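> Sequence plus predicted model, see below.
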Amino acid sequence: MLQKILVIDDDEKLNELLKNYLADFGYKVFSATHPEKGLQRIHSLKPGLVILDVMLPDMSGFEVCKRIRQDSDVPVIMLT
């Protein structure tokens, strides 16, 4: 079972909503509101799942996903 989930989304309210909802199912949820910070957190946290927004500041979610895939096979769910 997944234990850590990373949400990369610039909407802080949505991050908090997902964090609270998924915590009820036993997941430890971390978040990042900027794509570069999210990429750093993937390397430090080693999450079992990434929930990734498509529209992010400075870099699209698709580009973030490409960068994740360069060195990780973590499952990614894209939010649109």
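Sure, I can see it. Residues are numbered from 1 along each chain as shown.
> Need the outlier residue of this structure, farthest from its centre.
Ranked by distance from the centre of the chain (C-alpha atoms, centre = their mean), the top residue is D24, with 17.9 Å.
> ok, which stretches of the chain are strands?
4-8, 28-32, 49-53, 76-79 (DSSP state E).
> Quick one, which of those strands gets closest to F62.
strand 76-79 (8.1 Å; C-beta to C-beta). C-beta coordinates here come from the backbone N, C-alpha and C atoms, glycine included.
> Show me which positions of the closest one end up buried.
V76 (16 or more other C-beta atoms under 10 Å).
> roughly how far apart are the residue lying closest to D11 once chain neighbours are set aside and E12?
Spatially, and ignoring its direct neighbours in sequence, D11 is nearest to D53 (7.3 Å; C-beta to C-beta, 6 or more residues apart in numbering). D53 sits 12 Å away from E12, taking C-beta to C-beta, to the nearest Å as the criterion.
> quick one, which of those two is more surrounded?
D53 (21 against 10; other C-beta atoms under 10 Å).
> dump the residue contacts of the more buried one.
Applying C-beta atoms under 8 Å, 6 or more residues apart in numbering to D53 gives the contacts I8, D9, D10, D11, G61, M78, L79.
> Excluding sequence neighbours, find me the nearest residue to M55.
G61 is the one closest to M55 (C-beta to C-beta, 6+ apart), at 6.8 Å.
> hang on, the one you found packs against L52?
Yes. Using C-beta atoms under 8 Å, G61 is in contact with L52, at 4.9 Å.
> ok, the two, which is more surrounded?
Shown here are G61 and L52; by other C-beta under 10 Å, L52 has more neighbours (23 against 20).
> Per-residue pLDDT of the more buried one, please?
Predicted confidence (pLDDT) for L52: 98.
> who's it bridged to?
I8, M78 (DSSP bridges).
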